[in-house]
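# Give the three-dimensional model of this entry:
(3 chains)
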Amino acid sequence: MSWTDERVDLLKKMWSEGQSASQIAKELGGVTRNAVIGKVHRLGLSNRAGGAAEPAKPEAKAEKTEAKPVKATAESKAEEKPAVATPAPAAAAPAAAAAARPEPTAAPMRRAIIPAGQPLPPQPSANEIDPAALAKVGEVEKHAKKLGLMELTERTCKWPIGDPATEEFWFCGLPSQAGKPYCEAHVGVAFQPMSARRDRRR
DNA sequence: CCCTGATTCGC
DNA sequence: GCGAATCAGG
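Numbering: from 1, shown residues only, chains lettered A, B, ... in the order given. A predicted model of the protein is given here:
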């Protein structure tokens, strides 16, 4: 694959939106995150300046790589051009409210998960799932990693917890394995075996 | 261990 | 210019 204008545009767009290099790489396809990062640097937009987030960051990094028992890299290389600038007033993405740390005081008691009109996520009615599984979820959610939307990956549980309309909203975030979208506990309530939902009298 | 971006350097 | 390998960190 080569860096066509379209691909570069998408790269720029996603990068400015705060997408990670790996996410961009997946989206583009045919390239690795390294390729993306490499390109990002060559384009001189390593600084995710979308508007004016980070004021100054003049690379105060000196060669920390010296006298290392590593290979034979540490070698002259002079400094690089501090010429970056002109990050264009690109879209200053609304940047989806990422992590909003709810105060630790939040509900001392285990609160049932009552979503407020969630379109996508599966939220089975509490009355038709295995009580044991529910209890397990309640337990697990106590130490949910409370990830923000941007922090979810293919290996994190994407079970939503709380009300999206408030600060008290996050995703479980515990490790999800085997390609499933949820952690073990949430898989338990998300996918019910037929036997469990059979014969539940109203 | 999972992930992140940063840098180097042979191609 | 490209990107794998590597580095450095969370």
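
# Stretch A:23-41: end-to-end distance?
16 Å (Cα to Cα, to the nearest Å).

# wait, does the helix or strand hosting residue A:22 contact DNA strand C?
Assigned by DSSP states H and E, residue A:22 belongs to helix A:21-28. No: residues of helix A:21-28 are not located near DNA strand C by Cβ under 7 Å from any atom of the strand, the shortest gap being 8.6 Å. (Each C-beta comes from the backbone N, C-alpha and C, glycine too.)

# what packs against the longest helix belonging to chain A?
Ordering each helix of chain A by length in residues (DSSP state H) puts helix A:5-16 first. Secondary-structure packing of helix A:5-16 (3 or more Cβ pairs under 8 Å, 6 or more residues apart in numbering; DSSP states H and E): helix A:21-28, helix A:33-42.

# To residue A:147, which of those lies closest?
Nearest of the helices and strands packed on helix A:5-16 to residue A:147, taken as Cβ to Cβ: helix A:21-28 at 14.6 Å.

# And for that closest one, what's in contact with it?
Counting contacts by Cβ atoms under 8 Å, 6 or more residues apart in numbering, the residues outside helix A:21-28 that touch it are A:1, A:7, A:10-11, A:14-15, A:19, A:31-37, A:40.

# In ChimeraX, how would I select the buried members of these?
Per 16 or more other Cβ atoms under 10 Å, the buried members of these correspond to this ChimeraX selection:
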select /A:7,11,14,15,19,31,35,36,37,40
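
# which among the contacts of helix A:21-28 are in contact with DNA strand B?
Restricting those to those near DNA strand B - Cβ under 7 Å from any atom of the strand - leaves A:19, A:33-34, A:37, A:40.

# what's the closest of those residues to DNA strand C?
Proximity of these to DNA strand C, judged by Cβ to the nearest atom of the strand, is greatest for residue A:34, which lies at 3.4 Å.

# what's near enough to touch the closest one?
Contacts of residue A:34 (Cβ under 8 Å, 6+ apart): residue A:21.

# for residue A:1, same thing?
A:7, A:28-31.

# Now residue A:134: which helix or strand?
helix A:131-140.
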